[in-house]
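> Please find the sequence and the predicted model below.
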Number of protein chains: 2
Amino acid sequence: MAGNKEISQAVIARLPRYYRFLDTLEAMGTERISSQELSKLMHVTASQIRQDLNHFGGFGQQGYGYNVTYLKDEIGKILGLDATRQLIVIGAGNLGRALLNYGNFSKSGFLFTAVFDADERKIGDRVGELTVQGMEVLTAYLKEHHVDIAVLTVPRDSAESIARTLIDGGVKAIWNFAHIDLDVPEGIQVENVHLVDSLMKLAYNARESEAK
Amino acid sequence: MAGNKEISQAVIARLPRYYRFLDTLEAMGTERISSQELSKLMHVTASQIRQDLNHFGGFGQQGYGYNVTYLKDEIGKILGLDATRQLIVIGAGNLGRALLNYGNFSKSGFLFTAVFDADERKIGDRVGELTVQGMEVLTAYLKEHHVDIAVLTVPRDSAESIARTLIDGGVKAIWNFAHIDLDVPEGIQVENVHLVDSLMKLAYNARESEAK
């Protein structure tokens, strides 16, 4: 397991991708794979693969390669996919609903337990198995329920104040889709999904590529 | 403008963030800002800001700082936000609809011009101002219309084959939300938004942070 040494965010960011490829290989019936083969498939160098996995104890055997299921399960354990995490969603707009209805999260142990919205017209709406609750009950909810991760799919103008309510209520991790970088105290984890930024980068690269 | 020298993807990835902060500063009435102040606000070093912006010719004046509106507009030009881009969406599920209804894209010149789905029950549905079309008309559509970016919000099993259809039809840039890394020919730009990966990284960091 990790924890003994600091592991760089770049390595952490690559682990889910290893997990995804190994999951696909396992589904195709592949039992073992060399770092060279994995390297070709994932378009990263074999040396990077070896270095990345060495952070967590290696898993490979010289001349044999990696056991796909074993490596997948071990990375899953590092990522904590063997545990269940309780998620709440703030913002029951299109994006919030899309995330609530997306099946791939529960497979990895991420369970949505509540959804909140400031818009009175949305309160009481059913989204999957949940009912949209008003923002005024959020603080009370946080007192009574354990929340591992809060998902923020609200407009940028209300994101900061909602983040403060969440943090005051004991939330330690925010998955932020609002078009703003949240300013949070030390010890609070934020992962941003800035869709506009991602699209701008793609558009830039597409134009540069065409210009060549 | 860019183009003379290769600019690293890390720098490109940071440009939309500069743009976002400058846009907020401008909205708040800030006329100029030093790299030190911008550095504090953005939590990056002033030296990185200067280095990043120097790739594009600088824009700053010694002892004066940056003119917010000018710098924002110049970064906008580099990102091509002064031009209009035509986007199509493949997959009219919750996520596809969320993206189609998200207002922040059109502000930056990204216009959705068509949406397609393989599910007959969805064909004919209205999403915003568009009508969902069947996948069988996609190739014909690509022959008759210019498409800058195709947005892929389909299940992972159909993503590869749809990507091939798009590329065969002349699409040069794919914004991929499918839970798979697409294997595309050279010259085709792909930007992935792997939501599950992002959530796994957050969960890992939250757990590590709690363990401390």
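Now that the structure is in, tell me what you want to look at.

> do stretch A:74-94 and chain B meet at all?
Yes: counting by CB under 8 Å from any CB of the partner chain, chain B is contacted by stretch A:74-94 at A:78-81, A:85, A:93-94. In short, each C-beta sits where N, CA and C put it, glycine included.

> Would you convert those into TSV that also reports neighbour count, distance to B:Thr139 and secondary structure?
TSV is the format used below for these (neighbours: other CB atoms under 10 Å in any protein chain shown; distance: CB to CB, whole Å; DSSP: H, G, I helix; E, B strand; the rest coil):
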residue	neighbour count	distance to B:Thr139	secondary structure
A:Ile78	24	43	helix
A:Leu79	24	39	coil
A:Gly80	18	43	coil
A:Leu81	21	39	coil
A:Arg85	22	42	strand
A:Gly93	18	33	coil
A:Asn94	19	28	helix
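
> where's the nearest residue to A:Ser39 once chain neighbours are set aside relative to A:Leu38, distance?
The shortest distance from A:Ser39 to any non-neighbouring residue, by CB to CB, 6 or more residues apart in numbering or on different chains, is to A:Ala46 (4.0 Å). Remark: distance between A:Ala46 and A:Leu38 (CB to CB, to the nearest Å) = 7 Å.

> repeat for A:Ile49
Distance from A:Ile49 to A:Leu38, by CB to CB: 6 Å.

> With neighbour numbers in mind, choose between those two.
The neighbour comparison of A:Ile49 against A:Leu38 (other CB atoms under 10 Å in any protein chain shown) goes to A:Leu38, with 23 against 20.

> From the chain's centroid, how far away is the helix or strand harbouring the more buried one?
Using DSSP states H and E, A:Leu38 sits in helix A:35-42. Relative to the chain's own centre, helix A:35-42 is displaced by 24 Å; criterion: CA atoms, centre = their mean, to the nearest Å.

> Over it, what's the mean pLDDT, rounded is fine.
Mean pLDDT, helix A:35-42: 89.

> so where do the strands sit in chain A?
For chain A, the strands defined by DSSP state E cover A:32-33, A:66-67, A:85-90, A:110-117, A:126-127, A:130-134, A:149-152, A:173-176, A:189-192.

> could I get the ones you listed as CSV with distance to B:Leu195?
Output for the strands of chain A, formatted as CSV (distance: least, CB to CB, whole Å):
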stretch, distance to B:Leu195
strand A:32-33, 26
strand A:66-67, 26
strand A:85-90, 12
strand A:110-117, 10
strand A:126-127, 17
strand A:130-134, 18
strand A:149-152, 10
strand A:173-176, 9
strand A:189-192, 10
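
> Thanks again, I'm all set now.
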